[in-house]
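Visitor: Provide a 3D model corresponding to the input given below.
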Amino acid sequence: GTPIRTMVGLLLLKRIYNLGDETVIEQWVQNPYFQYFCGEAEFQWKPPCDPSDMVHFRKRIGEQGAEKILEVSIDARRDEIKTTNDVLVDTTAQEKNITYPTDSKLLIKVIKRCNKIAKQEGVEQRQTYHRTMKKLLLKQRFAHHPKRKKEAKAALRKLRTIAGRLVREL
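Guide: The predicted structure follows:
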């Protein structure tokens, strides 16, 4: 097996420099400072382990062991963190909850809102269009397909008609 000092060193380097498993192994082969940090006395031309071994090692040390290694990596850079006034937040990996207001979505919103208001106020409707809406949305889904464009356009027109009817009925 690979020495524990090497594996812990690789995990620390991975955390400190924000690298992936494969990337930290590639960097280790090219960088003598990385090798010295992990306990090597001489420059090595071969990687110390397979990147998958790092996954196995993380599983072996468990969540508490990984937290301890994270604490050590933070302590190692504590002075650097204290001297900077800027805080960088990377939100590229954060999920965004944004959808664009297409006509069909807005029309569906209008139809659902009209049905809800009618139910709350006790207005008797001729039709709620629940089943029709489902069929029209399916037709609307493939609007960019060349053979389905005409069908999708007709479905959008029908949704507009339904929304207008329900608004006038209320």
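Visitor: which stretches of the chain have low pLDDT?
Guide: Along the chain, the parts satisfying pLDDT under 70 run over 80-82, 84, 86-97, 99.
Visitor: residue at max distance from the center of it?
Guide: Glu124 (43.9 Å; CA atoms, centre = their mean).
Visitor: which ones are touching that residue?
Guide: Ala118 (CB atoms under 8 Å, 6 or more residues apart in numbering). Placement of C-beta: from N, CA and C, glycine included.
Visitor: Try it again at 10 Å.
Guide: Listed by CB atoms under 10 Å, 6 or more residues apart in numbering, the contact set of Glu124 reads 118, 169.
Visitor: for Gly39, same thing?
Guide: 3-6, 8-9, 48.
Visitor: Give me the distance between it and Asp21.
Guide: Distance, Gly39 to Asp21, by CB to CB, to the nearest Å: 19 Å.
Visitor: Whatever helix or strand Gln120 lives in packs against which elements?
Guide: Assigned by DSSP states H and E, Gln120 falls within helix 103-121. Applying 3 or more CB pairs under 10 Å, 6 or more residues apart in numbering; DSSP states H and E, one finds that helix 103-121 makes contact with helix 130-141, helix 149-169.
Visitor: Tell me the secondary structure of the residue farthest from the centre of the chain, please.
Guide: Secondary structure, DSSP: H, G, I helix; E, B strand; the rest coil: Glu124 is coil.
Visitor: what about Tyr100, neighbour count?
Guide: For Tyr100, the count of nearby residues is 5 (other CB atoms under 10 Å).
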